[in-house]
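Visitor: Structure for this input, please:
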Amino acid sequence: MIENERYEVRKFLPDRFEKMESRLRHELESGGERERHSLAWEFLASQAADRIRGVLDLDLFEVLAGAWTKVRKLQEYARDPKRSSNEHFDVTLGNHEFTKDLHPVLKYTIDGVVQDELVFTLSLTARVESVELEIHRGRILSIGSGKCLVCAQLKYGEEPLHDELTSQEVPLPGRYPLRDPGLEIARAD
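Guide: Next comes the predicted model:
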């Protein structure tokens, strides 16, 4: 990977959501609103996938690092004196797996009035072989020297909208800096 190359979350989604149209039709026609939505659902279904991809224009490594800020092993770096230290720490996390859920919301309006909000869940499961994190003053500043696989599944409610996708191995050679000022590590309470 070239330093600063961006892996966007939306690239981990399929080209087509096989069950999107039927799920949206069911949702919009439920609750006695069949007539009101009979024309709108087709337009909404055709636009939904593009809109969801648009809000998922997120950096994958920023999303993963957000999950690492809560790792118990890193909490010691959120406490004084390490938090006030000028020293940079390189911390390696070995094999681990975690799931991070993102919740894109699709709103549709008719004549400027919000008719409905549909909340989706994108579950990203990272299977990490190893990763090295650079920490300074209680914040993760960069990610490097590791590799992982990412599985992605978009759902509406409990219903998957496509088969789960698994990425090829995502390498982390070199150093991948996070946006300034980095991500703050959660303190143990």
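Visitor: which residue ranges form the helices in the protein?
Guide: 20-29, 34-37, 40-55, 60-68 (DSSP state H).
Visitor: Ranked by average pLDDT, which of the ones you listed falls at the bottom?
Guide: Here the lowest mean pLDDT among these goes to helix 34-37, at a mean of 50.
Visitor: who's in contact with the residue nearest to Q75 when sequence neighbours are not counted?
Guide: Spatially, and ignoring its direct neighbours in sequence, Q75 is nearest to A188 (4.5 Å; Cβ to Cβ, 6 or more residues apart in numbering). C-beta coordinates here come from the backbone N, C-alpha and C atoms, glycine included. A188 is in contact with 72, 75, 78-79, counting by Cβ atoms under 8 Å, 6 or more residues apart in numbering.
Visitor: Name the member of those with the most neighbours.
Guide: A78 (18 neighbours; other Cβ atoms under 10 Å).
Visitor: so what pLDDT did it get?
Guide: pLDDT at A78 comes out at 91.
Visitor: In the chain, which strand is the longest?
Guide: Secondary structure of the chain per DSSP state E: the longest strand is strand 113-136.
Visitor: Next, the angle helix 60-68 makes with it.
Guide: 80 degrees (axes from the mean of the first three to the mean of the last three Cα atoms, to 10 degrees).
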